[in-house]
Every structure is written in C-alpha cells, then in structure tokens.
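In: Following is a predicted model, sequence given first.
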Amino acid sequence: MLNLPIQRHYLISPLLLLLIAAIFQLLDLGTLLQYNTNQIEQGQLWRMITGHFVHSNINHLLLNSAGIALIWALHGEYYRPSFYAQLLFGLSLCISLGLFLFYPQTAIYVGLSGVLHGMIIVGAIIDTQKGHRSGYLLFFGVWGKIVFEHLQGPNLELSDLIDARVAIESHLLGAFAGSCYWLVVLLKKQKRHN
C-alpha cells in the first residue's frame, strides 16, 4: 500500500511551487522572468532563479507539475519546507550558472525539469542512506536516462508538445548539482562529528 506524505508540512512546499508556477503561466510572465543570457549579462540576475518557475506553454507546466507530484509521492517526507526551499534555490542557481558558463548556446531557458532531476537525485541518495535499495535503482535510472538523452539528443515529440527544445543540458546540470549538493551536506555532517 502506498503511504503518501499527506501531513501539512509535507504538502505546503510542493503546493506552493505549483501555485507559483500556475500564476506565472496565467499571467504570461515568461518573457519577464525566463532565463535569458542577454538579460542576465545586463544585470537582471533574478532570471537565474525565476527562469525555472516559468514554462513555454500549459503542456510544459502540466508535465513539470506531474514531476512535482511524483517527487512528493516518492520522497515528500524528506522535504520539510526549509529544505525544499533551499533545494529549489540552490539547484536553480547551480543549473543557471552551469548554463551560463558551460552552455552559452542556451540563450533562453524555462522550466523546472533540471531542478526536478536534481531533487530526484537528492531523494534517491537519502533513500540509500535509509537503507532503501530502490534508491540505487532510482539514482542510476536517472543517470541512465540522462546518458541516453545525450546520446540520442532531445526528444522531438516532447519538443513539439511543449513548443520548445527539451533542454537536456539542464537535466544533466540538475542531476550533477543534486549529487554535489548532497555530497556537500554529507561533508558538513562528517565535519561536525569530527
């Protein structure tokens, strides 16, 4: 039987994230908030965070909303509001910095998929620490998907559905940032114990 984390403190963050993304979509704030290299170079640094919360169209928003729901169902009990917010901000910033430094050809980016990849990786790592072997399957499954995407290229049918190129580089950066983020957390914990 599925034991969903339905306590209020586990629901607040994903519901708030869904609400923010939906409001941004309804108000058509994509152009104002999207990750845009030219605008970031002009000093609009907020785009490095806000670009992850806007979407190319309603299909894109719905797909990312399904990802948020999946992460909540899998690992919702790991993400108290402060940790959830910390992950959202940290992963968004790491992905945007990675795009800016290593993928300058990605001039415009929108969506949460990179952040969601990072959150799945963090959840999988926590799973393994709690002795859940499924965490290893999830961790290597996500990395396998990313390798496949980079060998095959972006999914063209999905690109048509979301009316934008699937930014597979954000998936890679998100998963890498999630792995590194958790490594930093582990090193801090180990340092405190010594």
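Out: Here it is on my side, so go on.
In: list the helices and strands the helix or strand hosting residue 60 packs on?
Out: Secondary structure from DSSP states H and E places residue 60 in helix 58-75. On a contact count with 3 or more C-beta pairs under 8 Å, 6 or more residues apart in numbering; DSSP states H and E, helix 58-75 meets helix 8-26, helix 113-129, helix 156-162. Just so you know, the C-beta spots here come from the backbone N, C-alpha and C atoms, and that holds for glycine as well.
In: ok, and what's touching the helix or strand just after it?
Out: Sequence order places helix 81-102 as the next helix or strand after helix 58-75, per DSSP H and E. Contact with helix 81-102 is made by 9, 12-14, 17, 35, 37, 40, 47-49, 51-52, 79, 106, 109, 114-115, 118-119, 122, 169-170, 173-174, 176-178, 180-181, as judged by C-beta atoms under 8 Å, 6 or more residues apart in numbering.
In: Which of these are buried, as a PyMOL select command?
Out: Of the contacts of helix 81-102, the buried ones go into a single PyMOL selection, burial set by 16 or more other C-beta atoms under 10 Å:
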select buried, resi 13+14+17+35+37+40+47+48+49+51+52+79+106+109+114+115+118+119+122+169+170+173+174+176+177+178+181
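In: Distance check, the residue nearest to the spatial centre of the chain against residue 187.
Out: The centroid of the chain falls nearest to residue 115 when counting by C-alpha atoms, centre = their mean (1.1 Å). For residue 115, the distance to residue 187 (C-beta to C-beta, to the nearest Å) stands at 22 Å.
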